[in-house]
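J.: Coordinates for the following, if possible.
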Amino acid sequence: MKTRGFIALGLLVGACTLGARDDSELSGGGGGKGGSDAGADAAACTATSKDCDGVAANGCETPIDKDPKNCGACGNACPSDGGKTPTCVDGKCGLSNCAAPLADCDGDGSCETDTSSSVDHCGFCEYKCALPNAKSVCANGCQIEECDSGFESCDGIPSNGCETPLDTDTDCGFCGTACSLPNATSSCSSGTCAITTCSTGYGDCDKLPETGCESNTQTDPNNCGACGTACSNTQVCQGGKCVVSSCTPPMADCDSNPANCETNTDTSAAHCGFCNNPCTLAHATAACSGGKCTVATCATGWGNCDGNDANGCETQLNTTTNCKSCGDKCSGGPNVLTASCAASGCSLTCAPGFGNCNASALDGCESQLTNDPTHCGTCTKDCTTTAPPGTQAGCSSGACTYNCAIGTADCDGNGSCETNVNTSAANCGQCGHSCGGTACVGGFCTPDVVVPGSDLTSVDADTSTASLAFTRNPGGVFRVQKSTKSVTPITTQHGSTSVDVITTYSFFAAPTAGVFRVLTGGGSPTQLSSTTGANQVDSDGNYVFFTSTSGLRRVSAGGGSTQTWDPSPGVFGLRFDNSPGWVFWTVPSAGEVRYAGVSVPNVQTVATGQGDPSFVKVDSQYVFWTATSDGAVRRATKPASNVTTVASGQQSPYALAQDGSELFWASKGANGGLWRGLKTGSGTPVKLADSLTNVLCIEVDATHVYWIDSGGLKRVPR
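T.: Model prediction:
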């Protein structure tokens with residue numbers, strides 16, 4: 001038979017880590033045992049497998065060399081930091097760069113595995129969700145989705161799978177259903193109770209195994225002496241022989257007094273259907289109706305679960321499959337360690353940090369006591385009833401927290417949550433974040449348009465912090481004063497897609513004419529390369545590298561021959577790192593980030609398998625890039641080691657900038673956002689602007705983030 005429904009192995013839920021807190025405080029009816037030798041049979045466990053849940057039936061279930069909740073010893077939970085996934089390797093705690101429940105289980109830094117749903121990495125890496133005699137599924141823990149045919153979880157312990165075969169005389173077809181048939185010896189085969197032999201004087205005349213040997217062939221007028229031998233309407237069966245009767249059915253002479261027909265065989269429980277056929281049903285008070293024995297009431301602790309009156313109340317209650325009544329299952333659920341049936345009903349032992357707060361066994365231990373504000377620490381602790389006015393109740397590690405409601409903040413420090421951070425220009429999105437003269441809408445500063453226009457293509461820091469250089473195509477290269485927004489031309493001879501300002505000279509790319517040098521103060525440009533299709537340009541003042549339709553190329557800042565550094569078509573992101581003498585770039589079509597020396601085109605790979613790598617930036621230690629289709633921002637230690645994901649789950653990150661300890665990135669395409677995050681990958685990225693369209697590039701200074709999109713050069717406070 002197939003049994004359906006989730007039965008959870010609550011110990012393996014990987015979404016919550018309690019750190020040093022005693023998990024037993026947060027258990028809704030029991031919990032695991034602490035210490036490296038937890039469990040009654042600890043001596044039988046190995047050095048890396050321990051009995052941490054204290055349930056003998058599932059043995060030494062916990063791999064303490066891998067389980068972040070029991071790392072090195074039972075109860076030693078690895079702490080999380082900033083939402084990052086804790087790890088346990090060889091019994092030692094660590095911290096990945098992945099946001100829980102994601103994990104890097106293949107070691108490539110990509111956070112590819114969802115440990116809340118992966119059957120190969122359930123709860124944590126390398127823990128395979130495979131329960132005995134069951135189809136297993138990982139859904140916030142290893143669960144029984146379906147027992148194999150012929151098995152059931154009868155002991156209420158999900159973690160040892162479907163441990164009970166349903167072909168025994170004690171569990172025949174169902175948990176606790178004994179194979180015992182009326183007036184017969186019986187045996188269980190393939191979950192069905194079958195007759196072996198009938199008792200003397202009885203026969204299996206209806207050929208229904210569930211009714212046993214139902215016919216008393218000594219008194220049954222329909223089967224008198226043998227099955228199928230029927231007496232006439234004027235006869236009764238006595239001693240297995242048909243004899244003449246003077247009574248009219250259903251009346252019968254059952255007291256052997258020929259003077260009367262005193263018994264109604266339609267209703268007499270002692271003579272049901274015919275004389276001397278008493279209604280004695282197993283574990284039941286019987287009644288006679290229409291000459292057939294029926295169950296009036298079942299004895300305490302028993303049920304007529306198959307609906308067949310002939311075998312009485314055949315099913316023992318108070319079991320995991322039939323607890324208070326027939327079909328009342330008590331075999332676990334999400335976050336359940338053990339389930340047992342008591343007189344009051346199904347009793348669950350919850351995994352640490354969970355509780356059965358709705359008193360229903362159907363959904364297991366449904367409340368996460370570590371972060372549920374209505375059941376915080378215990379099922380009866382409701383933080384919402386004690387929240388101060390204007391605040392929003394929360395729960396952290398089983399303790400109530402009170403924060404301002406979404407969209408409000410306590411910016412004056414008096415606890416009143418007086419500020420609407422969705423509309424306050426002085427406190428936009430968070431306290432102290434001023435929009436600097438623009439409005440605050442929806443918690444974001446309205447972008448300040450510095451230079452309007454749909455033909456702007458790039459922006460770069462100028463020689464003075466008071467201005468920026470930008471390009472137009474068509475148009476040329478220009479300078480804009482940040483304070484007054486006044487624009488002056490540097491050169492208007494060629495439409496440009498990229499500019500790099502290097503003190504005395506600026507270098508720019510003109511797609512139709514090549515690469516040029518111009519005095520930063522303005523003047524006539526000098527052509528350095530006639531390569532068409534030039535796109536991005538970067539220089540150290542000695543060499544100029546640029547991307548083009550023919551690959552990555554280099555030319556001397558003083559002019560001369562153009563050399564090919566990487567002939568790959570589609571070269572895109574570019575960053576010159578002049579201090580160690582490297583140049584970095586991306587090849588989106590190949591999914592690679594590459595680098596080479598500035599003197600010799602010895603092309604090397606920084607990272608492979610990147611989803612649409614786009615912009616690249618460097619600082620003194622790392623090279624950073626956006627992997628647009630992966631939704632990730634990544635870094636490597638220069639030049640090409642220790643690839644790490646800094647931010648994952650992002651909205652198509654594309655344009656990129658860096659400054660100090662922070663990174664800034666913008667989404668590709670329409671309805672994107674602008675984000676700020678730490679280079680370390682810790683904390684949660686902060687969204688600075690919303691609903692941006694076709695951002696081409698980003699530049700930052702000490703106070704603002706600048707970008708170019710389809711509407712021009714814009715900025716918001718950083």
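J.: List the contacts of K679.
T.: Taking CB atoms under 8 Å, 6 or more residues apart in numbering, we find K679 in contact with 619, 622, 624, 635, 646, 658, 661-663. The C-beta positions use only the backbone N, C-alpha and C, and glycine is treated the same way.
J.: go with 6 Å
T.: Going by CB atoms under 6 Å, 6 or more residues apart in numbering, K679 touches 661, 663.
J.: And stretch 47-57, end to end?
T.: Stretch 47-57 has its terminal residues 19 Å apart, counting by CA to CA, to the nearest Å.
J.: So for it, what gets flagged as buried?
T.: For stretch 47-57, burial by neighbour count (16 or more other CB atoms under 10 Å) applies to 49-55.
J.: where exactly do the strands run in the stretch 601-718 of the chain?
T.: For the stretch 601-718 of the chain, applying DSSP state E, counting those that start in this stretch gives strands covering 604-607, 613-618, 622-627, 632-637, 641-647, 653-659, 662-667, 672-678, 686-692, 697-700, 704-709, 712-717.
J.: how near is the closest residue in space to C298 that isn't next to it in sequence to A178?
T.: Counting by CB to CB, 6 or more residues apart in numbering, C298 lies nearest to C313, which is 3.7 Å off, once chain neighbours are set aside. As defined by CB to CB, to the nearest Å, C313 lies at a distance of 11 Å from A178.
J.: shared neighbours, those two?
T.: By CB under 6 Å, 6+ apart, no residue touches both C313 and A178.
J.: neighbour count winner among the two?
T.: Higher neighbour count among C313 and A178: C313, with 24 against 17, using other CB atoms under 10 Å.
J.: Could you confirm that one falls within a helix?
T.: No. Read with DSSP: H, G, I helix; E, B strand; the rest coil, C313 is coil and lies in no helix.
J.: That one against N304, yeah?
T.: Yes. Using CB atoms under 6 Å, C313 is in contact with N304, at 4.8 Å.
J.: Common neighbours of those two, please.
T.: With CB under 6 Å, 6+ apart as the test, C313 and N304 both reach C298.
J.: so where's the stretch 351-500 of the chain uncertain?
T.: Scanning the stretch 351-500 of the chain for pLDDT under 70 picks out the ranges 415.
J.: hey, where'd the strands end up in it?
T.: 354-355, 367-368, 391-396, 399-404, 408-409, 419-420, 440-441, 444-445, 448-452, 456-461, 467-472, 476-481, 487-491, 498-502.
J.: and the ones you listed as a markdown table, adding distance to P569 and mean neighbour count?
T.: Shown next, in a markdown table, are these (distance: least, CB to CB, whole Å; neighbours: other CB atoms under 10 Å):
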| stretch | distance to P569 | mean neighbour count |
| --- | --- | --- |
| strand 354-355 | 55 | 28 |
| strand 367-368 | 52 | 23 |
| strand 391-396 | 52 | 17 |
| strand 399-404 | 52 | 16 |
| strand 408-409 | 51 | 20 |
| strand 419-420 | 52 | 16 |
| strand 440-441 | 42 | 18 |
| strand 444-445 | 38 | 22 |
| strand 448-452 | 32 | 17 |
| strand 456-461 | 21 | 22 |
| strand 467-472 | 23 | 24 |
| strand 476-481 | 27 | 22 |
| strand 487-491 | 29 | 17 |
| strand 498-502 | 18 | 24 |
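J.: Distance to E146 for those strands - can I get that in CSV?
T.: As requested, these are exported to CSV (distance: least, CB to CB, whole Å):
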stretch, distance to E146
strand 354-355, 23
strand 367-368, 25
strand 391-396, 34
strand 399-404, 39
strand 408-409, 48
strand 419-420, 51
strand 440-441, 51
strand 444-445, 48
strand 448-452, 59
strand 456-461, 59
strand 467-472, 63
strand 476-481, 66
strand 487-491, 70
strand 498-502, 59
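J.: and Q430, which of the ones you listed is closest to it?
T.: Counting by CB to CB, Q430 lies closest to strand 408-409 out of the strands of the stretch 351-500 of the chain; the figure is 6.8 Å.
J.: Look up how far V695 lies from the nearest residue to L692 once chain neighbours are set aside.
T.: Nearest residue to L692, sequence neighbours excluded (CB to CB, 6+ apart): G672, at 4.8 Å. Counting by CB to CB, the gap from G672 to V695 is 6 Å.
J.: got it, and P182?
T.: Counting by CB to CB - P182 and V695 are separated by 81 Å.
J.: what residue lies at the spatial centre of the protein?
T.: Closest to where the C-alpha atoms of the chain average out (CA atoms, centre = their mean) is S116, at 3.9 Å.
J.: The closest residue in space to it that isn't next to it in sequence: neighbour count?
T.: Nearest residue to S116 in three dimensions, chain neighbours excluded: P101, at 4.1 Å (CB to CB, 6+ apart). Close neighbours of P101, defined as other CB under 10 Å, add up to 20.
J.: How about R676?
T.: By other CB under 10 Å, the residues close to R676 number 17.
J.: now it: how far from W665?
T.: For R676 relative to W665 (CB to CB), the value is 8 Å.
J.: show me where the protein has helices.
T.: Using DSSP state H, the chain contains no helices.
J.: Got the domain ranges for it?
T.: Domain assignment for the chain, taken from automatic domain parsing, gives 3-163, 184-316, 452-659.
J.: Nothing else from me, thank you.
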